[in-house]
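> Could you work out the structure for the sequence below:
(2 chains)
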Amino acid sequence: MATDTHGGEQHSPLAQFEIKELVPIEIGGHNISFSNSALMMVITITLILLLMMLGTRKRAMVPGRWQALAELCYEFVANLIRDTVGNEGRKYFPFIFSIFMFILIGNMLGMVPYSFTFTSHIAVTFAMAMVVFIGVTILGFAKHGIKFFTFFVPPGVPVWMWPLMIPIEIISYLSRPVSLAMRLFANMLAGHTLLKVFAGFVPALGAAGVLPLAFVGALTGLELLIAFLQAYVFAILTCLYINDALHLH
Amino acid sequence: MTEREPPKPRDDLDKRLSQFRNERDVVTGRTRNTDSTNNGLGFALRIGVEVVAALVIGVGFGLFLDDWLDTKPWFMLVFFLLGAAAGMFNVYRVVQHQGGAVGYRRQDTPAPDLSKTDLDGD
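Next comes the predicted model:
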């Protein structure tokens, strides 16, 4: 209740993002230790595999609980692709489904108290964004060859504007992975920090602590929404980028 | 109307299927453009980052050129402006429901229904 019981371990709101090495491994001078971040990723993958395996075990016409959940995830992503890319996007379903589920489950696991949110590290989100970006660029080149560069020439712009417009379009294209990575990372970091900060007010304010406590409750709901929304936005932007690479403009 | 002519069964099935899907989409209220319209918050979350990301890329590239060519601070200034412009364009595209697309849609490609009204003016 009072502040003095809390005073012993002054946790900073950022302490939750600390990477801890669980199994130190070092190969050739590179630190590739198994960290808490890696542990959460393994748990995430295990959960997704478990959900999908339990969901597809019976293959009943009338789905049971697990199958309904698995089908819900499947249909959500399938509709997402159908609405943004169309039929040719079906090939990329496994990729988008993996990304969506990985971020979604990772974000949701991060909401569990005492756990760790690996999507709150820009190294993780930027790596995922770069995979999307490089993959989409390769896809564009494979589909259109050298014509891919017409992508950077906005149609309907007079030729004397090209020296100005082309650098702008190239910057705009290069900013994709940055915005993709930054959005997910910043939302997760800010949300979890905010939760911790307000939670810190609860013991500090004593009886008046019910106010921040109520706020933390509401904020937790909002964070759950954002956890889902960020996975959704990441997946939908990946779809849009694939759509761009397939069709150019 | 489909019973009249002897149909190619496959074409007919495809047509009926797509017709059925469209009707179902109308009934369930699912339109084609779901990305940013049915989801105001997801939409809002996307906008702010777009400007910052383009600026980061612009300034970063400018600083890199300056460092390389020893022209401090000119490239940085130029690319800061270009990055800012790119950021504005990104936001413009998101608002016009063109996704994170680079470039503009040509007139002959189908526009998402929702942005058709305000986009034609260009």
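
> Please enumerate the helices of chain A.
With DSSP state H, the ranges of helices along chain A come out as A:3-7, A:36-57, A:65-84, A:93-110, A:122-144, A:162-204, A:210-247.

> I'd like those helices laid out as CSV, including distance to residue A:150, mean neighbour count and mean pLDDT.
For the C-beta atoms, the positions are set from N, CA and C on the backbone; glycine is no exception. Shown next, in CSV, are the helices of chain A (distance: least, CB to CB, whole Å; neighbours: other CB atoms under 10 Å in any protein chain shown; pLDDT from 0 to 100):
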stretch, distance to residue A:150, mean neighbour count, mean pLDDT
helix A:3-7, 61, 10, 44
helix A:36-57, 39, 16, 93
helix A:65-84, 22, 17, 91
helix A:93-110, 25, 20, 95
helix A:122-144, 8, 17, 94
helix A:162-204, 11, 20, 91
helix A:210-247, 12, 19, 91
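
> Distance to residue B:13 added to these, as JSON lines?
As requested, those are exported to JSON lines (distance: least, CB to CB, whole Å):
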{"stretch": "helix A:3-7", "distance to residue B:13": "68"}
{"stretch": "helix A:36-57", "distance to residue B:13": "28"}
{"stretch": "helix A:65-84", "distance to residue B:13": "18"}
{"stretch": "helix A:93-110", "distance to residue B:13": "23"}
{"stretch": "helix A:122-144", "distance to residue B:13": "29"}
{"stretch": "helix A:162-204", "distance to residue B:13": "39"}
{"stretch": "helix A:210-247", "distance to residue B:13": "26"}
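
> Residue A:130 touches residue A:180, doesn't it?
No: counting by CB atoms under 8 Å, residue A:180 is not a contact partner of residue A:130; they are 9.0 Å apart.

> Find the residue at the geometric middle of chain A.
Central residue check for chain A by CA atoms, centre = their mean: the C-alpha nearest the mean position is that of residue A:103, 4.1 Å away.

> I'd like the distance between residue A:31 and residue A:19.
From residue A:31 across to residue A:19, the span is 10 Å (CB to CB, to the nearest Å).

> How is chain B partitioned into domains?
When chain B is parsed with automatic domain parsing, its domains come out as B:1-30, B:39-119.

> Ranked by average pLDDT, which of those falls at the bottom?
Within the domains of chain B, confidence is poorest for domain B:1-30, with a mean of 65 (mean pLDDT).

> element containing the closest residue to residue B:95 other than its chain neighbours, please.
Counting by CB to CB, 6 or more residues apart in numbering or on different chains, residue B:47 is the residue found nearest to residue B:95 once chain neighbours are left out, at 7.5 Å. Following DSSP states H and E, the helix or strand that holds residue B:47 is helix B:40-69.

> Sort out which residues of that helix are buried, please.
Neighbour-count burial for helix B:40-69, counted by 16 or more other CB atoms under 10 Å in any protein chain shown, picks out B:42-43, B:45-46, B:49-63, B:65-66.

> Intersect the residues you listed with the contacts of chain A.
B:42, B:45-46, B:49-50, B:52-54, B:56-58, B:61 (CB under 8 Å from any CB of the partner chain).

> Tell me the one of the residues you listed nearest residue A:138?
If you rank these by distance to residue A:138 using CB to CB, residue B:57 comes first, at 19.8 Å.

> Now do the contacts for that closest one.
Neighbouring residues of residue B:57 by CB atoms under 8 Å, 6 or more residues apart in numbering or on different chains: A:171, A:174-175, A:178, B:83, B:86.

> Quick one: the residues you listed as JSON lines, columns for distance to residue A:165 too.
Below are the contacts of residue B:57 laid out as JSON lines (distance: CB to CB, whole Å):
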{"residue": "A:171", "distance to residue A:165": "11"}
{"residue": "A:174", "distance to residue A:165": "15"}
{"residue": "A:175", "distance to residue A:165": "15"}
{"residue": "A:178", "distance to residue A:165": "20"}
{"residue": "B:83", "distance to residue A:165": "14"}
{"residue": "B:86", "distance to residue A:165": "10"}
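
> Of those residues, just say which sits nearest to residue A:47.
residue A:178 (29.3 Å).

> contacting residues for the spatially most distant residue from the centre of chain A?
Computed with CA atoms, centre = their mean, the maximum C-alpha offset from the centroid of chain A is found at residue A:160, amounting to 40.4 Å. Contacts were defined as CB under 8 Å, 6+ apart; by that measure residue A:160 touches no other residue.

> same check, this time on the one 5 residues further on
For residue A:165, the residues meeting the contact criterion (CB under 8 Å, 6+ apart) are A:153-154, A:157.

> how about a cut-off of 6 Å?
The contact partners of residue A:165, taken as CB atoms under 6 Å, 6 or more residues apart in numbering or on different chains, are A:154, A:157.

> cool, and residue B:59?
B:80, B:83.

> try 10 Å
For residue B:59, the contact set (CB atoms under 10 Å, 6 or more residues apart in numbering or on different chains) comprises B:75-77, B:79-80, B:82-84.

> And for residue A:87?
The contact partners of residue A:87, taken as CB under 10 Å, 6+ apart, are residue A:81.

> distance of it from residue A:93?
Applying CB to CB, the value for residue A:87 to residue A:93 is 11 Å.

> shared neighbours of the two, anything?
With the criterion set as CB under 10 Å, 6+ apart, the overlap between the contacts of residue A:87 and residue A:93 is residue A:81.

> picking up where we left off before, closest to residue A:109 out of the contacts of residue B:57?
Within the set of those, residue A:178 lies nearest residue A:109; the separation is 25.4 Å, counting by CB to CB.
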